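**Student:** What follows is a predicted structure for the sequence shown.
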Amino acid sequence: MSIEATIPSKVAPAILPGSGGPRGALSDLFWRRPKLLLLLMLLPPVLWLGIVYIGSLFALLAQSFFSIDEFSGLINREFTLKTYGDLLQAANLDIILRTVTMAALVTLASAVIAFPIAYYAARYARGRWKALFYLGVMLPLWSSYLVKVYAWKLILAKEGILTWLLGKLNLLWLLDAWLSLPVVGGNSLSVSFTGTFIAFVYVWLPFMILPVQAALERVPGNLVEASSDLGASPGQTFRNVLFPLALPGIVAGSIFTFSLTLGDYIIPQIIGTSRLFIGQAVYSQQGTAGNIPLAAAFTVVPIVIMGFYLWGAKRMGAFDAL
Amino acid sequence: MRSDGSPSAPLGLKIAAACGLLFLHLPILLIFVYAFTTEEKSFVWPPPGLTTQWFAVTWNRPDVWEALSLSIRVAAISTTIALLLGTLCAAAVSRTRFFGRETISLLVILPIALPGIITGIALRSAFALADIPFSFWTIVLGHATFCVVVVYNNAVARFRRTSGSTIEASMDLGADGFQTFRHVVLPNIATALLAGGMLAFALSFDEVIVTTFTAGQQQTVPIWMLEELIRPRQRPVTNVVAMVVVLVTLLPILFAYYLTRDGDQIAGSGK
């Protein structure tokens, strides 16, 4: 076909006519008013999250300012700070301190274990190995949380695999010595803070590996080589080059490990002692104790801590590493 | 240190990375062994004998089937809602810059950034204040809320890689907005949506914390398992269910990975 034949005899108008029909009219309307389309696209998700989620959060917050009548056990729907006064009792502060300490230790341990995996995956793994590493982190991350906790119950139980293994290695004395320690010890690993700690680290570890790997992948390899060319020992290179550049990734990962530990109540319930964590306190206050205001006030603690944490993390540029 | 080709890792690093990966995988593999043990009462290792009889026992347990059915129905509906809301949100956020864009990304991420217990108790107290009785739909409400982010993340990543010029070309060639969406946008983002949907399904299927607060008396599979962990009735049945749950969640993950793996080869990425 010649080119001339395709050129229409009349000059086409600068603006095409509407495509016709209600669908075309609607399409044209969206084209002329992109803001309208944007609004229509945003409306359903924002309404859902705004009403269901933010609405519920406000309902929760409001409840924390209610109080419970000590005689009738009924909730008094008048605003008061009494519940927050109850929250500051020594026993409750103890729970908060215990949870925050555990969250900090879990975060630290996750960072230490995650770093070599993330570094290897970011710098040395290529092609098939890279995919394998990625899956190797993603599969445990996504596999069932309860199954993972259950697996550790099996491993840490008195008659479980760890006792068997240490028995074979003639190291049972070491386990007994550890279990006889105050605070961290107990009857068996599955009813001790050590067990709680191991299960927490295990379950949240992948959440640390992925952001650290993402941060390390942005570090140019020649930076590390330059550092060693200039005579730095591997340790110095790590301290002065790798670690500072990986830090935003570590902080990003720590948002997950820290926040998830603060709120979890299932791991300490299944593997742990009878001394409570924040999540368990919330659960028992709203359930058996029926004190929803105190449960609500308890949840404000992780919200406030995470608020500060996220604010600090944002300042450190951790959000870019997410 | 060689600067050409791929350098090889120091031995210490290799060992540390390998140990880390083993630490991540051995406990899950252990579940598979326990599903076959003949020991009924305790967690004895090594298993005194191996048997497949617990699969038959589990198969004949109506409570397991009820929990499984509820879990699948909740996950299917939640995933559908999350697909719709997550895609709309991702399309809006990735196409244009507007006031409050950052706030909306935060709004989507918040339900998983804050501990699950907060989402759970917030929903429960809202249901209590609004006098909403627990039902199938109260579970779905909670699950859909935190599933949105998974779909959103997958869709946003794909939208960013899909170049706008294909959309403009489609419009220039006379397609209207709906035709462009159906023939240009949708084929480009389809695998990302499918992957997001599978991950959302796995997330919902596995969720326990939010569910305990929004389920009332109903049992999803994780709630059933939690109940068994706290008050064990028949340990071997729990072992078998645990193994099945691992398989049911891993398959969608592998499939989702397969779907998003070739992300660089999306049409119009301009590579």
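**Tutor:** Thanks, I have it.

**Student:** can you tell me if the helix or strand where A:Leu26 lies touches chain B.
**Tutor:** Element membership of A:Leu26, judged by DSSP states H and E, is helix A:21-32. Yes: counting by CB under 8 Å from any CB of the partner chain, chain B is contacted by helix A:21-32 at A:23-24, A:26-28, A:30-31. Quick note: C-beta positions are derived from backbone N, CA and C, even for glycine.

**Student:** tell me what that helix is packed against?
**Tutor:** If you count contacts as 3 or more CB pairs under 8 Å, 6 or more residues apart in numbering or on different chains; DSSP states H and E, helix A:21-32 packs onto helix A:34-48, helix B:177-180.

**Student:** What are the contacting residues of the first one?
**Tutor:** By CB atoms under 8 Å, 6 or more residues apart in numbering or on different chains, the list of residues contacting helix A:34-48 from outside reads A:29-30, B:81, B:84-86, B:88-89, B:91-92, B:95-96, B:98, B:104, B:107-108, B:144-145, B:148, B:177.

**Student:** run the last query once more with 7 Å
**Tutor:** Helix A:34-48 has contacts (CB atoms under 7 Å, 6 or more residues apart in numbering or on different chains) with A:29-30, B:84-85, B:88-89, B:91-92, B:96, B:98, B:104, B:148.

**Student:** Next up, the contacts around B:Leu88.
**Tutor:** By CB under 7 Å, 6+ apart, the contact list for B:Leu88 reads A:41, A:44-45.

**Student:** show me where pLDDT drops low in the chain?
**Tutor:** Since you didn't name a chain, this refers to chain A. For chain A, the stretches with pLDDT under 70 are A:1-20, A:319-322.

**Student:** ah, I was thinking of chain B
**Tutor:** B:1-7, B:262-271.

**Student:** For it, which residue gets nearest to chain A?
**Tutor:** Closest contact between chain B and chain A, by CB to the nearest CB, is at B:Pro115 (1.9 Å).

**Student:** what's the closest non-adjacent residue to that residue?
**Tutor:** Leaving aside its chain neighbours, B:Pro115 sits nearest to A:Gly263 (1.9 Å; criterion: CB to CB, 6 or more residues apart in numbering or on different chains).

**Student:** Only the buried residues of stretch B:209-226, if you could.
**Tutor:** Buried residues in stretch B:209-226, counted by 16 or more other CB atoms under 10 Å in any protein chain shown: B:209-215, B:218-226.

**Student:** Alpha carbons only: can I get that stretch in PDB?
**Tutor:** Extracted as PDB, the C-alpha positions of stretch B:209-226 are listed here (Å, rounded to 0.1, in the frame of the first residue of the first chain):
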ATOM      1  CA  ILE B 209      -2.700 -13.700  65.800                       C
ATOM      2  CA  VAL B 210      -5.300 -11.500  64.200                       C
ATOM      3  CA  THR B 211      -7.600 -14.500  63.700                       C
ATOM      4  CA  THR B 212      -7.600 -15.300  67.500                       C
ATOM      5  CA  PHE B 213      -9.200 -11.900  68.100                       C
ATOM      6  CA  THR B 214     -11.700 -11.900  65.200                       C
ATOM      7  CA  ALA B 215     -12.800 -15.500  65.000                       C
ATOM      8  CA  GLY B 216     -14.900 -16.000  68.100                       C
ATOM      9  CA  GLN B 217     -15.600 -19.800  68.300                       C
ATOM     10  CA  GLN B 218     -14.600 -20.700  64.800                       C
ATOM     11  CA  GLN B 219     -11.400 -22.500  64.000                       C
ATOM     12  CA  THR B 220      -9.100 -21.900  61.100                       C
ATOM     13  CA  VAL B 221      -6.200 -24.300  60.600                       C
ATOM     14  CA  PRO B 222      -3.700 -22.200  62.600                       C
ATOM     15  CA  ILE B 223      -6.200 -21.700  65.400                       C
ATOM     16  CA  TRP B 224      -6.800 -25.500  65.400                       C
ATOM     17  CA  MET B 225      -3.000 -26.000  65.700                       C
ATOM     18  CA  LEU B 226      -2.600 -23.400  68.400                       C
END
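
**Student:** Off-centre distance for it?
**Tutor:** Counting by CA atoms, centre = their mean, to the nearest Å, stretch B:209-226 is centred 17 Å from the centre of its parent chain.

**Student:** Equivalent analysis for stretch A:99-114, please.
**Tutor:** With CA atoms, centre = their mean, you get 12 Å for stretch A:99-114.

**Student:** Give me the contact list for it.
**Tutor:** Against stretch A:99-114 from outside (CB under 7 Å, 6+ apart): A:196-197, A:200-201, A:204-205, A:208-209, A:212, A:250, A:253-254, A:257-258, A:261-262, A:277-278, B:20.

**Student:** The residues you listed in helices, which ones?
**Tutor:** A:196-197, A:200-201, A:204-205, A:208-209, A:212, A:250, A:253-254, A:257-258, A:261-262, A:278, B:20 (DSSP state H).

**Student:** Would you mind checking the residues you listed for buried ones?
**Tutor:** For the ones in helices among the contacts of stretch A:99-114, buried by 16+ other CB under 10 Å: A:196-197, A:200-201, A:204-205, A:208-209, A:212, A:250, A:253-254, A:257-258, A:261-262, A:278, B:20.

**Student:** sorry, back to before: and of the contacts of helix A:34-48, the nearest to B:Thr162?
**Tutor:** Taking CB to CB as the measure, B:Thr162 sits nearest to B:Ala91 out of these, at 10.6 Å.

**Student:** Around chain B, pick out the residues from the stretch 201-322 of chain A.
**Tutor:** Residues of the stretch 201-322 of chain A found near chain B (CB under 7 Å from any CB of the partner chain) are A:202, A:205-206, A:225, A:228, A:259-260, A:262-266, A:270, A:279, A:282, A:286, A:292, A:295-296, A:299, A:302-303, A:306.

**Student:** go again using 6 Å as the cut-off
**Tutor:** Proximity of the stretch 201-322 of chain A to chain B (CB under 6 Å from any CB of the partner chain) is limited to residues A:225, A:228, A:259, A:262-263, A:270, A:279, A:282, A:286, A:299, A:302.

**Student:** residue boundaries of the helices in the stretch 101-250 of chain B?
**Tutor:** Assigned by DSSP state H, counting those that start in this stretch, the stretch 101-250 of chain B shows helices spanning B:101-113, B:116-129, B:136-161, B:164-172, B:177-180, B:186-206, B:209-214, B:221-230, B:235-260.

**Student:** Would you indicate which residues of the third one are buried?
**Tutor:** Same thing as helix B:136-161. Those would be B:138-159, B:161, for helix B:136-161 by 16+ other CB under 10 Å.

**Student:** In contact with A:Val301, which residues are there?
**Tutor:** Neighbour list for A:Val301: A:Ile96 [criterion: CB atoms under 6 Å, 6 or more residues apart in numbering or on different chains].

**Student:** If we ignore the residues flanking it in sequence, what's nearest A:Gln236?
**Tutor:** A:Ser227 (7.4 Å).

**Student:** That neighbour falls within a helix, correct?
**Tutor:** Yes: the assignment for A:Ser227 by DSSP: H, G, I helix; E, B strand; the rest coil puts it in a helix.

**Student:** Just confirm the residue of chain B closest to chain A contacts A:Tyr265, I think it does.
**Tutor:** No: in this structure, B:Pro115 is not within contact of A:Tyr265 by CB atoms under 6 Å, at 9.2 Å.

**Student:** Give the closest residue to residue 204 in space, chain neighbours not counted.
**Tutor:** Since you didn't name a chain, this refers to chain A. Going by CB to CB, 6+ apart, A:Trp204 has A:Thr257 as its nearest residue, at 4.4 Å.

**Student:** try chain B instead
**Tutor:** Excluding the flanking residues, the one nearest B:Ser204 by CB to CB, 6+ apart is B:Ala75, at 4.0 Å.
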